Every structure is written in C-alpha cells, then in structure tokens.
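In: sequence isn't available, so here's the structure alone:
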C-alpha cells in the first residue's frame with residue numbers, strides 16, 4: 001500500500017506539495033510513514049533511478 005502511494009504522489013507533484021503543507025491527509029499512514037515517504041520523494045539523488053529497484057528490494 002505504501003509503495004502504491006509513493007508512486008502515485010511521486011507522479012503528481014502538486015500532491016507532494018499539498019502533503020508537505022499539511023493540506024493532504026493520507027488515511028491509514030502514520031506520521032513516521034508520512035515522514036519516510038516525504039524523505040524519499042524529496043531526495044534529489046533519485047532522479048533517473050528506478051525507485052522500485054532502489055527502495056523496494
């Protein structure tokens with residue numbers, strides 16, 4: 001489930017901004033998971049990498 005959310009939010013930058021600003025709520029996701037999700041999606045080193053292969057081994 002978290003993987004699907006990460007992919008969806010990663011493909012919709014406007015949602016990432018709303019999530020960072022607290023305007024978007026992810027039902028069923030703890031604050032720790034939300035922090036981890038934002039950490040991964042904000043990481044500029046991931047550009048050009050297959051996220052699935054890097055983070056979901």
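Out: Arrived safely, thanks for sending. Note that the coordinates shown come from a computational prediction; the quantities given were computed from them, not determined experimentally.

In: roughly how far apart are residue 3 and residue 16?
Out: For residue 3, the distance to residue 16 equals 16 Å [CB to CB, to the nearest Å]. Where C-beta positions appear, they are placed from N, C-alpha and C, glycine not excepted.

In: quick one: which of these two has more around it?
Out: residue 16 (17 against 11; other CB atoms under 10 Å).

In: need the contact list for that one.
Out: Residues near residue 16 by CB atoms under 8 Å, 6 or more residues apart in numbering: 9, 10, 38, 41.

In: residue 19 too?
Out: Here residue 19 is in contact with 9, 26, 34, 37, 38 (CB under 8 Å, 6+ apart).

In: let's see 6 Å
Out: Contacts of residue 19 were listed using CB atoms under 6 Å, 6 or more residues apart in numbering, and none were found.

In: can you classify it as helix, strand or coil?
Out: Following DSSP: H, G, I helix; E, B strand; the rest coil, residue 19 is assigned to helix.

In: what do you get for residue 29?
Out: Applying three-state DSSP: residue 29 is coil.

In: quick one, phi/psi of it?
Out: The phi/psi pair for residue 29 (degrees, to the nearest 10) reads phi -110, psi 130.

In: that one: how many residues sit nearby?
Out: If we define neighbours as other CB under 10 Å, then residue 29 has 16 of them.

In: mind checking how far it is from residue 43?
Out: Residue 29 is 18 Å from residue 43, by CB to CB.
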